[in-house]
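here is a sequence together with a model predicted from it:
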Amino acid sequence: MPLLLLKDLPRYECLLEAAKKFPDLDPSACDVFLNLLRTGDEVFRVTENNYASHGLSQGRFGVLMLLKKRSAGAPADAGAGEHCLPAGPLTPAALAEAAGVTRATMTGLIDTLERDGLARRVRDANDRRMMSVNLTPKGRKLLEKILPLHFRAMAEVMSPLKEGERKTLVLLLNKILQHASTLTPAQAGRD
């Protein structure tokens, strides 16, 4: 679902005019912010369409990727992105933490993955209250099929940028991300 809900963004001249009425409106910041959201919506649309063509959603794909990382035998601290996975079996709680979603949301994602035979819950032999989640052969096969398509789609979306531009964009996005993560609701403009 789009975050911005605007297909056509206001022209910069309109932002300059609006700034006369709203002194807190920084036209340059607003222009960049709206373009960032609009671009994010379009990139999300492309990836959602790719996932949907294989019966997946962003959330389900993310869980499958977390399970794939673990099933590939990678240690919990082996590299980029895997630092969020604790050592040992992947519990629904650990998956929720790694994905940044609530436990209830993760339960729903696991339910649908299990229903489709892509993942399975396994009770701990020593503590029946504990449960881990594993990728099934069917889930692994699906990832092997769609990952090349997914990586091609990512490359296509980023193809207008040269390598140096991509690195600069990542640096700039991380700068915004780090600052945004420190803002409280009051600092972000809410009272």
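Received, thanks. Residues are numbered from 1 along each chain as shown.

report the contact partners of the nearest residue to residue 118 once chain neighbours are set aside.
Once flanking residues are discounted, residue 118 sits nearest to residue 139: 3.6 Å by CB to CB, 6 or more residues apart in numbering. Placement of C-beta: from N, CA and C, glycine included. Counting by CB atoms under 8 Å, 6 or more residues apart in numbering, residue 139 makes contact with 64, 67-68, 113, 117-119.

over to residue 143?
Contacts for residue 143 (CB under 8 Å, 6+ apart) come out as 64-65, 68, 135.

repeat for residue 133
63, 67, 90-92, 95, 110, 119-122.

in CSV: the residues you listed, plus secondary structure, pLDDT and neighbour count.
Shown next, in CSV, are the contacts of residue 133 (DSSP: H, G, I helix; E, B strand; the rest coil; pLDDT from 0 to 100; neighbours: other CB atoms under 10 Å):
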residue, secondary structure, pLDDT, neighbour count
63, helix, 96, 28
67, helix, 94, 26
90, coil, 88, 23
91, coil, 92, 18
92, helix, 94, 18
95, helix, 94, 26
110, helix, 97, 22
119, strand, 96, 24
120, strand, 96, 16
121, strand, 95, 14
122, strand, 92, 11
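
closest to residue 41 among these?
Relative to residue 41, the closest of the contacts of residue 133 is residue 63; by CB to CB it sits at 22.8 Å.

measure the closest one to residue 37 for me?
26 Å (CB to CB, to the nearest Å).

go on, residue 53?
Distance of residue 53 to residue 37, computed by CB to CB: 25 Å.

returning to what we had before: among the contacts of residue 143, which are in helices?
Counting by DSSP state H, the part of the contacts of residue 143 found in helices is 64-65, 68.
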